[in-house]
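Enquirer: Need a 3D model of the sequence below.
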Amino acid sequence: MSYNSRQGLFMGRTLRVSIVTFTIMLLSLWGCAPHQLSRRSPTPSPPQSSPSKTPSVYREYPEPEAPQTALPIDESAIIAESWTVYKEKFIQKDGRVIDYEASDRSTSEGQAYGMLRAVIADDPTTFALTLEWSQNNLKRSGTNGTLEDQLWVWKWGRNQSGNWGAIDRNFASDADIDAATALILAYRRWNRPEYLDLALTKLEDLWNLSTKEVRGKRYLLPGPVAAFVPSPSTVYLNPSYLAPFSFRLFAQVDPNHDWLSLVDSSYQVLKESSQVSAVGLPSDWIAFDTETGQFQPLPPDSPLKSSYSFDAYRVWWRVAWDAAWFNTPEAFSYLGTATQHLQSLWRSSSKLPARIDIHGKPTVTYEATSQYAMLYSALRLIKPAMARELIEQKLIPQYQEGIWDDQSAYYTQNLAWLGLLPTTAIDRNLLNPS
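Expert: Next comes the predicted model:
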């Protein structure tokens, strides 16, 4: 079976939640449809591309032991080529990012990935287009059309009546985090203060609507409280939404909220929830008992699953960026510990199953290019020789003319690009101008 089969990818995609009732909310995660919001905010015109310069790396830790020979590919060339092809195949002229494997829908996740990739690639035109489409189509409004906040509805597509618009008006915090991160970087890269203004507005809403204090500590929720707090003693969390590197950037620009407290709780969630797995892997979803402070699997009948799968892959990338960008001891420690089982599987069989249950047993026989790319971002920091094996055996063979796997694999294109992005691709001045 091919690495990212449509079945494996679709079933493993990021689950979002509806807010009507908790049961309906969980069962409605896979819809699709669009609606042009009547209230639109102006979006800045595209700035000029910044002058080319040699990027620097923001890290002071010793360089890991490098492989004996250079990689047989030019990562930077692949990053440039695949971004060009991605824009042609997955981003419409108006800035809408299309997920062809899910009824041609668009998501806040996809729009945010487009913005993040555009600012890293120094592509102000594509950045402005994806932002504009998102602002025009994904804003959350009530039944009377009044704007609720600056967060984005997570799903837009064709509904059962054949009309296009917002299908599920709930937000997904990972997308708004990535969008705010991209806006801060864009503000710094292209000197556009209006991007920072929008980022700060988003951060205010994220803090108020998608964080919750539990036992004296603040935690990031995957979305609205009503969707992810099914009882007074239970909170549902998604470890792959936790972005410590983004929270550090937020703390630099927003002194009104304690974003660094989310860094602390993120590593607590990552470390302790991974221990729920018999083999120490992160889960797509995990339940947090607010009375005992313990983590546990979600109920077996829940549509949200506590298994290592397509959501959880992103943990490697998000933690690796915190390690590479901010020289974070907690990041290196977590990556070294949580990847042990995958390292062992790779040494024994030179392949990794796309899904592993909470007991450490593979539940599918196919593999996933997206997993290999996300894991690569971590292993090149802690196990560079193994990272070389991954890229030679599992990533290069799946890449052809700007595409990983097949031309409909939206999720794979993004995770592969973010996973292979060289650590030198981000200018230090974008991460900490001071």
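
Enquirer: contacts, neighbours, all on C-alpha from now
Expert: Noted.

Enquirer: Could you list which residues are in contact with Leu375?
Expert: 313, 316-317, 419 (Cα atoms under 8 Å, 6 or more residues apart in numbering).

Enquirer: ok, now with 7 Å
Expert: Trp316 (Cα atoms under 7 Å, 6 or more residues apart in numbering).

Enquirer: Helix or strand for it, just tell me which one.
Expert: helix 369-382 (DSSP states H and E).

Enquirer: Helix, strand, or coil at the nearest residue to Leu116 once chain neighbours are set aside?
Expert: Excluding the flanking residues, the one nearest Leu116 by Cα to Cα, 6 or more residues apart in numbering is Ala182, at 4.7 Å. Using DSSP: H, G, I helix; E, B strand; the rest coil, the structure places Ala182 in helix.

Enquirer: ok, Ala182 touching Met115?
Expert: Yes. Between Ala182 and Met115 a contact is recorded at 5.9 Å, counting by Cα atoms under 7 Å.

Enquirer: ok so, going back, please report how far the residue nearest to Leu116 lies from Asp123.
Expert: Per Cα to Cα, to the nearest Å, Ala182 is found 12 Å from Asp123.

Enquirer: mean confidence score for stretch 274-293?
Expert: The pLDDT scores in stretch 274-293 average 97.

Enquirer: Other residues contacting that stretch?
Expert: Identification of contacts with stretch 274-293 by Cα under 7 Å, 6+ apart yields 214, 233-240, 270, 273, 294-298, 304-309, 311-312, 338, 341, 358-360.

Enquirer: Try it again at 8 Å.
Expert: Residues from elsewhere that reach stretch 274-293 (Cα under 8 Å, 6+ apart): 214-215, 232-240, 270, 273, 294-298, 304-312, 315, 337-341, 357-360.

Enquirer: ok, of those, which come out buried?
Expert: 234-240, 270, 273, 295-298, 304-312, 315, 338-339, 357-358, 360 (16 or more other Cα atoms under 10 Å).

Enquirer: Next secondary structure element downstream of the longest strand anywhere in the chain?
Expert: Scanning the chain for the longest strand, with DSSP state E as the assignment, gives strand 147-158. Using DSSP H and E, the next helix or strand after strand 147-158 towards the C-terminus is strand 164-171.

Enquirer: Show me the strands paired with that next one, marking each as parallel or antiparallel.
Expert: Strands that pair with strand 164-171, judged by DSSP bridges, come out as strand 147-158 (antiparallel).

Enquirer: Please identify the buried residues of the partner strand?
Expert: Under the neighbour-count criterion of 16+ other Cα under 10 Å, strand 147-158 has 147, 149-158 buried.

Enquirer: roughly how far is it from the heart of the chain?
Expert: Averaging C-alpha positions (Cα atoms, centre = their mean, to the nearest Å) puts strand 147-158 17 Å from its chain's average.

Enquirer: again, but for stretch 385-396
Expert: The chain centroid and the centroid of stretch 385-396 are separated by 22 Å under Cα atoms, centre = their mean.
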